[in-house]
Structures are given as C-alpha cells and as structure tokens.
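1. Pasted the sequence and its predicted model underneath.
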Amino acid sequence: MATSATPPRLASAMDAWRLSIGDDHVIDDPATLALTGTATYAVDQPVPAVIRPSSTIEVAQCMRIATEHGIHVYPISRGMNWGYGSKVPAESNCVVMDLGRMNQILDYDVEMGTVTVQPGVTFHQLQDLLEEHGSKHFMAAPGTSPHASCIGNALDRGWGFGPYSDRFDYSAGMEVVLPDGEVVETGNARFRGSRSAHLFKWGNGPYVDGIFTQSNFGVVTRMTFFVAETPPIFASYVYKIAGDAKLPALMDALRELKMRHIMRTNFKVQSFYRLFMERQQFPAGQADFLLSPEAVAEAKQKWGIDDWNGFGALYCWSDAQYAAEREIVEQVLRPHVDALVFLDADVMARKDAIKDEVLEETGFHLEQILDRFWVNTRLIGVARGKGVSGAYFRKSTPVPDELDLDRDRVGFMWVDPILPLRGTDVRDAADLAGQIMKHHGFEPNLGFNCVTERAIFMTISLVFDREREGDDARAMRCAKELAQRMTAEGFTLGRVANGLMNVLDHAQPASLDLQHRIKEALDPAGILSPGRYEVPPSF
C-alpha cells in the first residue's frame, strides 16, 4: 500500500498497476523491498516497489503505465544473478519487475530438439521436462544454481556445458516488450505462420536479437533454445598439473582440441582455490587468508586436486568414433599434464576393482570424479547440485541445503575478462589477477571457461563474508582494480557486475554514441533499466 511518503507519480503508477495485475502482485512491504535490494556485495540502490506480471500482455501494460508516469523499471527473471548484482537495479529508485510468475515451458519439439520458454522457467524445470520425455535431449546445464532462469542467463550471455554451451548462440527468436509496451517478434517469427520461426536463428533482414542481450532496450518474454541430442556414448576426462609452468602449453593444447572440434563442450581449467572452495569451507585455525603450505598439501591429497585442474567431454555415436577421439585427446593432452583419467561406462563398471590403482597412479579419487564428471554431471545436462556453494567458503555457518546468497549475506563478486585462447595471454592474465587479489587479501580463486575456439573467459571470483566488518569495501576495491587493470591490458570484460559499469567508458566514443541513439529511439524517456550496460551520454 502506497503511503504518504510515496512520491505522487509512483503512488499513481502503483494504483494503475494494481488495477492491471492485481493487488497481490504490486508489492511494497519493507521486508520484500529490503531483500530485493540486497546483493552479494555492497549496493546502495533502494527499491521502491516490486511488480509481478504473469503474461506478456501484463508486461506490456506495466511498461505502458511506467512510461506514462515516468517510473523507472528494472526487469529480472529469477533474480539469481549472483556475483553480478542479484536482483538489484543498476541505479536507484527503479521498480523491480519480477517475471518469475511467467514460468511456463510453452513448447518442446521432440523431433527438432527445441524448447520454447518464458523468463521464469528454471534449468531445473527444463531438466525435469527432458527427463520426463526419456532424455532424448539434454540441456546446456549452468554453472550457477539450477533454480536460475534459462532466459535470464542467456540474456546476460552466460554459458553452460555440452555441445550447445553458448546458450544464446543456440537460440532462435524472441518475443520482446519494448519500453512503450509494443510487443515485437524477432527472427522468422515476425512472419505469421513461418514454419522455421523456432528453428532458424537469423531470420532475414537486420538481425536485432542481440541488442536485447546485456542491454536495456526491451523485456524478453519468450525465447526458443536448441537442446542437444543425447549420444549413445558419453565420456569425460579430468586432468591436473602441479605449479604454473605447464599452464601456457596446456592452454595451447586445449585450443588445438577446440579448433579441431574434438572438444565440443565448454571446458574448464580451475585453480586450486576454486576447487577447494567447492569442496569445503575455510578451515578453522588458519591465521592467514591463504592456507599454509601444509594445509594446501593436505587438501590436495584429500580431494585429489592440484594447482590447476581441468575437465572435458566426448559425445560420440559409435565405438569407433569414441576410440578415435579419445586417442586424439590422449596424444594432445598427455604431454602437458601430470595426470589424466578418462571416465566412461567401462570405468564405471570396474570402479571398485581399479579405484586403488587410479589413486596411486594419478591421485584422483575415482568415486568422487565419477560422480562429479560422469554420473551427476553438468556435462550431460544434470543440474541438481548446489551450484555456487563455494561462495559460502568464508561463512562461519554451514552451507544450507537451499542456497540463497543474498539472504545469507554471502560475499561474492565475479570479474570476467575475455582472453585470447593463447597460453602466453592466459599466463599474463592469471599472474596479474593473482597479484591484485593477494594485494587486497583474497586468495587467487581463478577459473578459465572456454566456449569458443579462439577466446576464453577468465572467471575471477572474490569470496568473502559480508558480516565481517570492512569486507564489502575491500571486495569492491579489489573488483574495481581488477576490472580497470584487466581492461587496460586489453582483457576486456565479458560480463559486467552492477557497480563496475564505468569500465564501459573505455569503449570507442562512436560505438557508445550508437548505443545511446538506439536507446533514445526505443526508450526516449529512459524508463527501462537505466545504467545497465550503458555509460551516461556525458562520456
């Protein structure tokens, strides 16, 4: 209920929204607003209200009301953009439009391998659907919570695992509500009756879908994704190296596999601390922010990890294909790693007989890696784990069964530069990140995620406890220095957290002007998500 302290324009807009979508779905109670305005790092963007439309028609009505009253609106899908800003708008006094009620899977074309979803549909829902239909297909499972939004992740250009790792790349057609409430179809869906609307990404004429990703030009209310066919033979492999010396050559070898299309999934190479955090919380009794050498050695042995750890997968349609591709991986990777283990149906059948031998020869605990990389693995579309449980590394309380990083005041920030997939560049970026993080009192929690043949994301994770005095400010100082120095070195960010958008002012002025001209054409009043992936016109 609007109060006497509610600004008149907002109060009038809330009355109109209540008539449009119902009293229960226009929310301004303090507890909800406080949680909506909470992220995994320090923010100061108060949220005056939350609106929860249930359909494209209602979204359009809400946007028209916002435009008429001059009220800023910030759409979210499920609000689990943890590490980048969560539900919190980029600027203050934006009404949050929560699309979580739009949670229908509208179509699953079993023959063609496509699913059409609304923004509230989660990865967990999609996995359940595919399993109910016999797992003929599998989704590109996310690295985050299974309760995150498929559309939300794609629009922020997130990635998954499997042959369709680049989620947005394997999509076709959107339904978009513009700031003035007009509903637009993209791709071939703009032609009534088009039989290829959900099958062909590009449509004809100018391709516009991309401008609705990492932007503030429209509200996406429907999207179609392609899902990969489940192969008869799935195998994965894990490897590790001690020290940093082999890392550049390893990355060059992985590029070779990627360019040959032997590596058809997003692969990861992760630092010791990244994997350690995923397996346990910070040990009690450690005085320094870094583990002692003795504690590191103990953890490596306990968890079967090393200084750098990686994995990949093979998706094959015959024994001959698997044998040939496995041989190529062996030839390319074996000279550059200290341990390499393949996981397949044969290994699973013999695990009890060979686990001691594997442990002795490689240091890998066979049952652990089978569970993580062959049975319950995102590499084949399974997303029922705890996702970013490693974010609780610095919390003094145990990791809960249901993760909510905002509610639990977990400190967590991502800084994600894009690097050439070249060993020397990877080494330079890892060295720079490690130096900056240690200077600010953070362990080098680094990962490399590769979804393309020529470039790789470096995922830098700052993990802290928001309950600890000074940690919020320390993390923001570190994140800003990482973002600025990585950009200055030519390692441009791929995703940008709210609070770090100022790095965009490094872009060419003419490109920024083009972005502003598009914004002015579609949203002249600046109603939708001000400050999201944009620099003020006074750059």
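-> Perfect, thanks for sending it.

2. who's in contact with the residue sitting nearest the centre point of the chain?
-> Centroid check for the chain by C-alpha atoms, centre = their mean gives Gly158 as the closest residue, at 4.1 Å. The contact partners of Gly158, taken as C-beta atoms under 8 Å, 6 or more residues apart in numbering, are Pro142, Gly143, Thr144, Arg167, Arg495. C-beta here means a position set from N, CA and C on the backbone, and glycine is covered the same way.

3. what stretches of the chain score poorly on pLDDT?
-> 1-5, 384-387, 536-539 (pLDDT under 70).

4. Could you list the domains of it?
-> If you go by automatic domain parsing, the domain ranges for the chain are 8-98, 105-229, 233-385, 410-498.

5. Now those in TSV, please, with extra columns for distance to Leu512.
-> Listed next are the domains of the chain as TSV, based on distance: least, C-beta to C-beta, whole Å:
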stretch	distance to Leu512
domain 8-98	16
domain 105-229	13
domain 233-385	30
domain 410-498	14
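
6. Out of the ones you listed, flag the one nearest Arg517.
-> Shortest distance between Arg517 and the domains of the chain, using C-beta to C-beta, is found for domain 105-229: 11.6 Å.

7. Let's verify Gln127: helix, strand, or coil?
-> Under DSSP: H, G, I helix; E, B strand; the rest coil, Gln127 falls in the helix class.

8. Nearest residue to it in space, please, no chain neighbours.
-> In space, Gln127 comes closest to Ala383 once its chain neighbours are excluded; the distance is 5.7 Å by C-beta to C-beta, 6 or more residues apart in numbering.

9. Tell me which residues touch that neighbour, please.
-> Ala383 neighbours (C-beta under 8 Å, 6+ apart): Phe123, His124, Gln127, Met139, Ala141, Pro142, Pro146.

10. Please enumerate the strands of the stretch 251-400 of the chain.
-> Counting by DSSP state E, counting those that start in this stretch, one finds strands in the stretch 251-400 of the chain at the ranges 267-271, 308-316, 339-343.

11. Give me the angle between the helix or strand containing Pro248 and strand 267-271.
-> Pro248 belongs to helix 247-259 when assigned by DSSP states H and E. For helix 247-259 against strand 267-271, the angle by axes from the mean of the first three to the mean of the last three C-alpha atoms, to 10 degrees is 170 degrees.

12. residue ranges for the helices of the stretch 251-400 of the chain, please.
-> Under the criterion DSSP state H, counting those that start in this stretch, the stretch 251-400 of the chain contains helices at 272-279, 293-303, 319-333, 345-349, 351-362, 366-370.

13. Would you mind finding the most buried of the ones you listed?
-> Greatest average neighbour count among the helices of the stretch 251-400 of the chain goes to helix 272-279 (a mean of 22), per mean count of other C-beta atoms under 10 Å.

14. now that one, how far from the chain's geometric center?
-> How far helix 272-279 lies from its chain's middle: 18 Å, per C-alpha atoms, centre = their mean, to the nearest Å.

15. Can you tell me which helices and strands it packs against?
-> Contact here means 3 or more C-beta pairs under 8 Å, 6 or more residues apart in numbering; DSSP states H and E; on that basis helix 272-279 packs against helix 293-303, strand 308-316, strand 446-450.

16. mind redoing it with 6 Å?
-> Helices and strands touching helix 272-279, as assessed by 3 or more C-beta pairs under 6 Å, 6 or more residues apart in numbering; DSSP states H and E, are absent.

17. thought Ile21 was touching Pro53?
-> Yes: here Ile21 reaches Pro53: they are 5.2 Å apart, a contact under C-beta atoms under 6 Å.

18. quick revisit: okay if I get the helices of the stretch 251-400 of the chain as TSV plus distance to Ser461?
-> Shown next, in TSV, are these (distance: least, C-beta to C-beta, whole Å):
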stretch	distance to Ser461
helix 272-279	7
helix 293-303	17
helix 319-333	25
helix 345-349	31
helix 351-362	26
helix 366-370	22
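
19. closest one to Ala66 among those helices?
-> Using C-beta to C-beta, these put helix 272-279 closest to Ala66, at 40.6 Å.

20. the inter-axis angle of that closest one versus strand 267-271?
-> Comparing the axes of helix 272-279 and strand 267-271 via the same axes, to 10 degrees yields an angle of 100 degrees.

21. Distance of Asp338 relative to Phe217?
-> Here Asp338 is placed at a distance of 48 Å from Phe217 (C-beta to C-beta, to the nearest Å).

22. again with Thr116
-> Distance of Thr116 to Phe217, given as C-beta to C-beta: 21 Å.

23. go on, Val50?
-> Using C-beta to C-beta, we find Val50 at a distance of 22 Å from Phe217.

24. In stretch 176-189, which residues are buried?
-> For stretch 176-189, the neighbour count (16 or more other C-beta atoms under 10 Å) marks Val176, Val177, Leu178, Pro179, Asp180, Gly181, Val183, Glu185, Thr186, Gly187, Asn188, Ala189 as buried.

25. List the contacts of the fifth one.
-> The reference is to Asp180. Thr67 (C-beta atoms under 6 Å, 6 or more residues apart in numbering).

26. What ranges does the stretch 101-250 of the chain have for its helices?
-> Using DSSP H, counting those that start in this stretch, helices in the stretch 101-250 of the chain cover 123-132, 150-155, 247-259.

27. Please indicate which of these has the most neighbours on average?
-> Burial of those is given as mean neighbour count (mean count of other C-beta under 10 Å); helix 150-155 ranks first at a mean of 25.

28. residues making contact with that helix?
-> With C-beta under 6 Å, 6+ apart as the test, helix 150-155 has contacts from Ser77, Arg78, Val117, Pro119, Val121, Leu126, Pro142, Arg167, Phe168, Thr213, Val220, Met223.

29. bridging residues for the last one?
-> On DSSP bridges, the residues paired with Met223 through beta bridges are Val117, Met174.

30. measure it to Leu99 for me?
-> Distance, Met223 to Leu99, by C-beta to C-beta: 12 Å.

31. For the two, indicate the residue with more neighbours.
-> Met223 (28 against 25; other C-beta atoms under 10 Å).

32. Assess the claim that that one and Met174 are in contact.
-> Yes: counting by C-beta under 6 Å, Met223 does reach Met174; the two are 5.2 Å apart.

33. Need phi/psi at Pro420.
-> When read as degrees, to the nearest 10, the backbone of Pro420 gives phi -60, psi 140.

34. actually Met413, not the one I typed
-> With angles defined as degrees, to the nearest 10, Met413 sits at phi -140, psi 140.

35. Now do the same contact list for it.
-> Per C-beta under 6 Å, 6+ apart, neighbours of Met413: Tyr41, Gly83, Leu462, Ala475, Ala479.

36. Next step: those restricted to helices.
-> In this view, the contacts of Met413 that belong to helices under DSSP state H are Ala475, Ala479.

37. Switch the strands of the stretch 251-400 of the chain over to TSV; also include mean neighbour count.
-> Output for the strands of the stretch 251-400 of the chain, formatted as TSV (neighbours: other C-beta atoms under 10 Å):
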stretch	mean neighbour count
strand 267-271	23
strand 308-316	23
strand 339-343	20
